[in-house]
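A.B. asks: coords please:
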Amino acid sequence: MIPAREALQQLIDGNRRFVSGATRPAHQRDQARRAELVADQKPFAIILGCSDSRVPAEMVFDQGLGDLFVIRVAGNVVAPSQVGSVEFAAEWFDTRLVVVLGHTCCGAVSATLDELTGQGTHPSRNLRSIVDRVRPAVEPLLETELVHNPTLLAARAVRANIRASVGHLRHGSEVLEKLILEDRLLVVGAEYSLETGVVDFFDNAAG
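C.D. replies: Reported below is the predicted structural model:
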């Protein structure tokens with residue numbers, strides 16, 4: 001078991017390698033590592049991230065087989081299946097860190113803003129289920145001066161959506177709440193920049 005803060009530092013260090021281009025040669029250790037993992041796994045972090053093809057968690061954090069328990073869904077939203085997946089990893093593998101990983105220029109967030117401002121097309125029933133989960137986080141922003149600055153509005157909406165998912169995990173599961181109270185789980189938010197490759201951790205991620 002790796003403590004949450006140590007796990008967080010491993011992700012920070014891995015992202016620095018990714019940004020600098022000094023990533024580890026994972027292909028050289030995958031065969032042996034694959035054999036090690038047949039019987040068991042001990043991922044040191046749980047990543048609830050967006051399905052966007054430009055944000056593969058293992059690459060962004062320069063990690064290999066068995067290092068991360070990754071859950072991906074458009075808009076990094078939290079539904080019962082995602083909560084259950086986090087509970088599973090936290091309980092079965094004693095993984096101590098959960099990162100909700102959003103990213104700049106998120107299509108799900110943009111689609112929600114378009115829907116709320118009357119600029120979007122009518123989404124399918126299934127797509128609407130995602131939009132409806134993003135909506136509560138970003139709707140209040142439309143009552144602020146941000147409506148006059150679409151670029152800043154979109155950026156703030158991404159952060160608001162990440163924070164909403166963090167809050168849902170922290171307070172929407174008795175299992176996770178208990179682990180957090182026992183100091184056995186840390187849930188933080190993070191935003192990946194498509195432009196720079198840098199992951200910015202926030203929402204109680206510091207010290």
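A.B. asks: so for residue 125, what pLDDT did the model give?
C.D. replies: For residue 125, the pLDDT comes out at 84.
A.B. asks: how many neighbouring residues does it have?
C.D. replies: Applying other C-beta atoms under 10 Å, we find 6 residues neighbouring residue 125. Using the backbone N, CA and C atoms, a C-beta is placed for each residue, glycine as well.
A.B. asks: now residue 160: which helix or strand?
C.D. replies: Using DSSP states H and E, residue 160 falls within helix 150-171.
A.B. asks: quick one: name whatever helix or strand follows that helix.
C.D. replies: Following helix 150-171 toward the C-terminus (DSSP H and E): helix 174-181.
A.B. asks: mind listing what's buried along that next one?
C.D. replies: Buried residues in helix 174-181, defined by neighbour count with 16 or more other C-beta atoms under 10 Å: 176, 179, 180.
A.B. asks: just stretch 152-167 next, same as before
C.D. replies: Quick answer for stretch 152-167 (16+ other C-beta under 10 Å): 153-167.
A.B. asks: any idea of the mean pLDDT in it?
C.D. replies: Here the average pLDDT along stretch 152-167 is 96.
A.B. asks: list the contacts of that stretch.
C.D. replies: 48, 75-78, 100-106, 108-110, 112-113, 134, 136-138, 140-142, 146-147, 187-191, 202-203 (C-beta atoms under 8 Å, 6 or more residues apart in numbering).
A.B. asks: which of these fall in helices?
C.D. replies: Among the contacts of stretch 152-167, DSSP state H puts 108, 109, 110, 112, 113, 134, 136, 137, 138 in helices.
A.B. asks: considering those residues, which possesses the most neighbours?
C.D. replies: Going by other C-beta under 10 Å, residue 109 tops the ones in helices among the contacts of stretch 152-167 with 30 neighbours.
A.B. asks: these two touch, right, it and residue 75?
C.D. replies: Yes. Taking contacts as C-beta atoms under 8 Å, residue 109 lies within contact range of residue 75: 6.4 Å.
A.B. asks: between these two, what contacts are shared?
C.D. replies: With C-beta under 8 Å, 6+ apart, residue 109 and residue 75 have common neighbours 134, 161.
A.B. asks: contacts only, for the closest residue to residue 96 other than its chain neighbours.
C.D. replies: Leaving aside its chain neighbours, residue 96 sits nearest to residue 4 (4.2 Å; criterion: C-beta to C-beta, 6 or more residues apart in numbering). When contacts are counted by C-beta under 8 Å, 6+ apart, residue 4 touches 96, 97, 185, 186.
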